[in-house]
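Chemist: just the structure for this:
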Amino acid sequence: MESQRSSSTPNKLPMARPGTGTAGKTIQLLTNHFKVSINRRSITDAYFYQYNVSLAYEDGHPADAKDIGRKAMNKVHEIYRTELAGMHFAYDGEKSLYTIGALPSKKLKFMVVLEDSSSNRRSTSSNINSSDDESDRKRLRRPYRSKAFDVEISYAAKFPMNSILSPSHGRSSKQFQDAIRVLDIILKEHAAKRGCLVVTQSFFDNNPRNFIPLGSGVLGCRGFNSSFRTTQGGLFLNMDVSNTLIIQTGPVLDFLLSNQNVRNIHGIDWNKARRTLKNLRIKTSHTNAEWKITGLSERPCREQKFLMKQRNEGPDMGEVVQTVEVTVYDYFIQHWNTRLDHSANLPCINVGKSKRPVYIPLELCSLVSLQRYTKALSPQQRSSLVEKSRQKPQQQMESLQKLKSGNEQELNPQNGRWNFNNKKLAQPTTVGHWLVTSFSTHCDMKRLILDLIKCAKMKGISMENPTSIFTENPQYMRESAPIRVDKMLSMMRTQCRQPPKFILCVLPQKKNCDIYGPWKQRCLSDFGVPTQCISPSGKVNDQYLTNLLLKINAKLGGLNSLLNMGYCSSLGLVSSKPTLILGMDVSHGSPGQADMPSIAAVVSSRKWPSISNYRAAVRTQSPKLEMIDSLFQPQPNSEDTGIIRSALTDFYQTSGSRKPELIIIFRDGVGDSQFNQVLNIELEQIIQACKLRDEQWHPKFMVIVAQKNHRTRFFQNGSSSSPSNVPPGTIVDSRICHIRNSDFYLCAHAGIIGTSRPTHYHVLLDDVGFSADDLQQLVYSLCYTYQRSTTAVSVVAPICYAHLAAAQVAQFIKFGEFSGSSSGHAAAPIPQLPSFHHNVADTMFFC
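Modeler: This next block holds a predicted model:
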């Protein structure tokens, strides 16, 4: 079977157009209803199946606690995946469960073990069965303070999925209402799995920018309400801004001081505190465990005692278990080696039962985020909530698309452009132990450094004075570029005791400087030091310094701006499901350099759910070869030295040990005639790399080709008789597009000079199932994540980065063994590029 599968030849074709986009400025009215696209063919013979869910304790008593149902069903899905035939389900959190298609049996019974609702994650395993089956071990594991539950799932009803279409035919039935309820439940469960606070059909992210301080430890929290509605235009998703009240997160002591409006702990009313804290969830700093508060101790921490079993060595070398009485204070000091500065005379938090208390010193406890505040607001708080949550219509629309800078400040792009005036970068880095090297004799180094440090401080970057400044010895200025670089690096090594963290290199000329390639190669490959090259000409102003700092910050691990991930459903999907984004490009030699190897570059996203962090892998391949041949390189020892393996490994290591469920591939530089090769050569390599890593892992793929080399242009009628450039975000997906295949034009940037050239995107494959609007919005959004610029770029950032990486590494070989013309002999093997130093391999060195 395996040999047949590996020998079979893929024959994938570009997908047909699934539909055209409907969002955008087509009329003068805007609404918060979003059209739901339904693939009628896929639901013609499909059914929703409804099942009743019953939960009970081991003794048969029903389990009605609010928080048990979803935890139990998540456990069922995790452990009994085989018994459920791998099917996914939507659970309403109470008594009903829905699937697409039938479960293997009309009645299923399972047993799951959950930690006690008053505590979790503090457990020990005992008497684990020695079965070889991992799921059996999971089922039989009984943590400390755990409880077992019997879960019964029984068939209730079924109804066709195409009942969703009933209103479009003028009919509304119970089946239609049931179908709409299923869709709402799916939205609800999706939000819950993302870690949102779910209140009926409203969803609230744990994002501080959405919080509104109301005083007394209470916050207003902005979110979205979403529900499916039927209109004359069909089925729509109605989304609106929603608000709820939550408790201020952080140390419990800080919350109590704020809640009771007192200045120090001596003024806290502990009876009131007991009522306020009951049933709130906390996380402890000494174990990182999460608990539910059941009360406070009657005595202060240094007086509150409990009985503890202690094992001691007996007279005959045996073990003797004794019960001793110890105070909570002494226990945490001695057994946890914990420093307690404030707890001695304060009550302890009780997270156990009244008859079996579990005490924790108060200063070790912090309130977890997104806990609802259900008590009445004071008049002042109510007034503050109304005032701060009020949004004008334009603000309400803009809340769906924002960029963020530092301190959660919002950047408002105007005509595809924004600036950092009086704003800090989103994630500024620290620039310490850095050097300046100068190959130029025309730069005022002292003024440049002072202005750069001053500007860095304004943007939030902590930048020290450079450790040293090295100026090139004039006697080497007439030497070749590699020699000049070697002499400068030799001088640095002689005078520096330890390698720098960053080097600012001043070049003698801006364009086509021969020093650039050898300098980048030595720094990135041999020394592992990020470097930024500049060649200032004339006066250096704030805009120049800001642009320079954007590149430095990105290279050193910072982020300049962040996309608001919550403003469209496609971004919500890539932030809720582990998503790997690839940008792929091949750089060929210039005309007249027929023997110059082509450079293949692949950038891959990392640190999910971020879509702004990338790393690059760069390889050489045969001259003028457009298809990348190093994506998958299996070795005899079952290892893989290809580009994709390193991308998958890095994603897993930086994304919470998660494998990507979605892989979105953006490919640049291929023509229409090469689309089949992209699908059957490059994509197939990526699929094989995933299979070699895990045969049971089947991510969903999307493949999009971006073309800039075409002659299609768009114009709009300006205020005068002459035409003008189209505004940023203009999309054309009909009339002039392919008759069958899925493609569209996007002009994401603002055309300031000349005529804007839109990018022509071709969607070759979409296993994910994006709607046309969601896909176009995703592509457009990725044009706003380019960290080197304060403008939307004309093509998605991953492709820009791949192009930068390929172009930068191409400079490495400018003076290497690759140069020269064809000699007429047989083609020589393609030498490999020097590998990047591990210090910079996973950085955005290409920015």
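
Chemist: in terms of pLDDT, where does the spatially most central residue of the chain sit?
Modeler: Closest residue to the average C-alpha location of the chain: P609 at 1.1 Å, with CA atoms, centre = their mean. On the pLDDT scale, P609 is placed at 88.

Chemist: neighbours of the closest residue to it other than its chain neighbours, how many?
Modeler: Of all residues not flanking P609 in the chain, S575 sits nearest, at 4.1 Å (CB to CB, 6 or more residues apart in numbering). C-betas here are computed from N, CA, C, even on glycine. Here the number of neighbours of S575 (other CB atoms under 10 Å) works out to 18.

Chemist: K283: what secondary structure?
Modeler: Here K283 is recorded as strand under DSSP: H, G, I helix; E, B strand; the rest coil.

Chemist: for it, give its distance to F255.
Modeler: Per CB to CB, to the nearest Å, K283 is found 13 Å from F255.

Chemist: tell me which of the two has more neighbours.
Modeler: Neighbour tally, K283 and F255, criterion other CB under 10 Å: the higher count belongs to F255, 23 against 17.

Chemist: ok, the more buried one to S154 distance?
Modeler: 44 Å.

Chemist: which SSE is the closest residue to D842 other than its chain neighbours in?
Modeler: Counting by CB to CB, 6+ apart, D842 lies nearest to R615, which is 4.7 Å off, once chain neighbours are set aside. Assigned by DSSP states H and E, R615 belongs to strand 614-621.

Chemist: show residues contacting the following helix or strand past that strand.
Modeler: Using DSSP H and E, the next helix or strand after strand 614-621 towards the C-terminus is helix 643-654. Applying CB atoms under 8 Å, 6 or more residues apart in numbering, the external contacts of helix 643-654 come out as 578, 580, 582, 600, 602, 604-608, 613, 615, 617, 619, 628, 630-632, 658-660, 685-686, 689-690, 692-693, 842.

Chemist: kindly calculate the angle that helix 643-654 makes with strand 614-621.
Modeler: Interaxial angle, helix 643-654 versus strand 614-621 (axes from the mean of the first three to the mean of the last three CA atoms, to 10 degrees): 160 degrees.

Chemist: quick one: the next helix or strand after helix 643-654 to chain centroid distance?
Modeler: The helix or strand immediately downstream of helix 643-654 is strand 662-668, counting by DSSP H and E. Relative to its chain's centre, strand 662-668 lies at 16 Å (CA atoms, centre = their mean, to the nearest Å).

Chemist: let me see the mean pLDDT of strand 662-668.
Modeler: Taken as a whole, strand 662-668 has an average pLDDT of 96.

Chemist: that one pairs with which strands?
Modeler: Next to strand 662-668 in the sheet, as set by DSSP bridges, lie strand 579-587 (parallel), strand 700-707 (parallel).

Chemist: in it, which residues are buried?
Modeler: When neighbours are counted by 16 or more other CB atoms under 10 Å, the buried residues of strand 662-668 are found to be L662, I663, I664, I665, F666, R667, D668.

Chemist: over to stretch 679-696?
Modeler: L679, N680, E682, L683, E684, Q685, I686, I687, Q688, A689, C690, L692.

Chemist: so what touches that stretch?
Modeler: 9-14, 582, 584, 627-628, 631-632, 634, 638, 640, 642, 644-645, 648, 659, 663, 665, 667, 697-699, 701, 703, 764-765.

Chemist: rewinding a little: let me see the contact set for the residue nearest to D842.
Modeler: Applying CB under 8 Å, 6+ apart, the residues near R615 are V603, S604, R606, A647, D650, A841, D842, T843, M844.

Chemist: those helices in the stretch 701-847 of the chain, which residues are they?
Modeler: 772-782, 797-810 (DSSP state H, counting those that start in this stretch).

Chemist: oh, I was asking about the stretch 51-200 of the chain
Modeler: Under DSSP H, counting those that start in this stretch, the stretch 51-200 of the chain gives helices at 68-79, 134-140, 174-193.

Chemist: where among the ones you listed is average confidence lowest?
Modeler: Within the helices of the stretch 51-200 of the chain, confidence is poorest for helix 134-140, with a mean of 40 (mean pLDDT).

Chemist: spatially nearest residue to A456, not counting backbone neighbours?
Modeler: M463 is the one closest to A456 (CB to CB, 6+ apart), at 3.9 Å.

Chemist: ok, now F332?
Modeler: T338 is the one closest to F332 (CB to CB, 6+ apart), at 4.7 Å.

Chemist: the one you found and D330 touch, don't they?
Modeler: No - with contact defined as CB atoms under 8 Å, T338 does not count as touching D330 (11.1 Å).

Chemist: looking at those two now, which is surrounded by more residues?
Modeler: Taking neighbours as other CB under 10 Å, T338 and D330 compare with T338 leading, 16 against 12.

Chemist: over to the more buried one. Which of the three states is it?
Modeler: coil.

Chemist: quick one: residues contacting it.
Modeler: Residues in contact with T338 (CB under 8 Å, 6+ apart) are H286, F332, P361, L364.

Chemist: what bridges to the residue nearest to D842?
Modeler: Under DSSP bridges, the beta-bridge partners of R615 are S604.

Chemist: so how far is D595 from it?
Modeler: Remark: distance between R615 and D595 (CB to CB) = 30 Å.

Chemist: repeat that for Q543.
Modeler: Distance, Q543 to D595, using CB to CB: 42 Å.

Chemist: could you do D640 as well?
Modeler: As for D640, its distance to D595 is 29 Å (criterion: CB to CB).

Chemist: between these two, who's got more neighbours?
Modeler: More neighbours surround D640 than the other of D640 and D595, with 20 against 15 (other CB under 10 Å).

Chemist: quickly note the distance from the closest residue to M308 other than its chain neighbours to N264.
Modeler: Excluding its sequence neighbours, the residue lying closest to M308 (CB to CB, 6+ apart) is V326, at 5.3 Å. Per CB to CB, V326 is found 29 Å from N264.

Chemist: okay, the two: which has more neighbours?
Modeler: V326 (14 against 7).

Chemist: pretty sure the more buried one sits against E303.
Modeler: No - here V326 does not reach E303: they are 11.7 Å apart, not a contact under CB under 8 Å.

Chemist: where exactly do the strands run in the stretch 351-500 of the chain?
Modeler: For the stretch 351-500 of the chain, the strands defined by DSSP state E, counting those that start in this stretch cover 359-360, 365-367, 403-404, 410-411, 430-431, 434-438, 462-463, 468-471.

Chemist: in the second one, what's buried?
Modeler: Think strand 365-367. Quick answer for strand 365-367 (16+ other CB under 10 Å): C365, S366, L367.

Chemist: from the residues you listed, which is closest to V529?
Modeler: Nearest to V529 out of the buried residues of strand 365-367 is S366 (CB to CB; 39.1 Å).

Chemist: contacts only, for that closest one.
Modeler: If you count contacts by CB under 8 Å, 6+ apart, then S366 has T249, G250, P251, V252, I282, K283, T284, S285 around it.

Chemist: one more: M73?
Modeler: Shown in contact with M73 (CB under 8 Å, 6+ apart): V53, F89, Y91, L97, V151.

Chemist: distance to I469 for these - can I get that in a markdown table?
Modeler: Output for those, formatted as a markdown table (distance: CB to CB, whole Å):
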| residue | distance to I469 |
| --- | --- |
| V53 | 70 |
| F89 | 65 |
| Y91 | 64 |
| L97 | 68 |
| V151 | 69 |
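
Chemist: for PyMOL, what selects the buried ones among these?
Modeler: Only the buried entries of those go into this PyMOL selection, using 16+ other CB under 10 Å:
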select buried, resi 53+89+91+97+151
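
Chemist: narrow the contacts of M73 to those in strands?
Modeler: Under the assignment DSSP state E, the contacts of M73 contribute V53, Y91, L97, V151 to strands.

Chemist: I figured the second one hits V53, correct?
Modeler: Just to be clear, that refers to Y91. Yes - under the criterion of CB under 8 Å, Y91 makes contact with V53 at 7.0 Å.

Chemist: what do the two both touch?
Modeler: G69, M73, L97.

Chemist: of all those, which comes closest to N350?
Modeler: Nearest to N350 among these, with distances taken as CB to CB, is G69, at 25.7 Å.

Chemist: not counting sequence-adjacent ones, nearest residue to the closest one?
Modeler: Going by CB to CB, 6+ apart, G69 has G93 as its nearest residue, at 5.4 Å.
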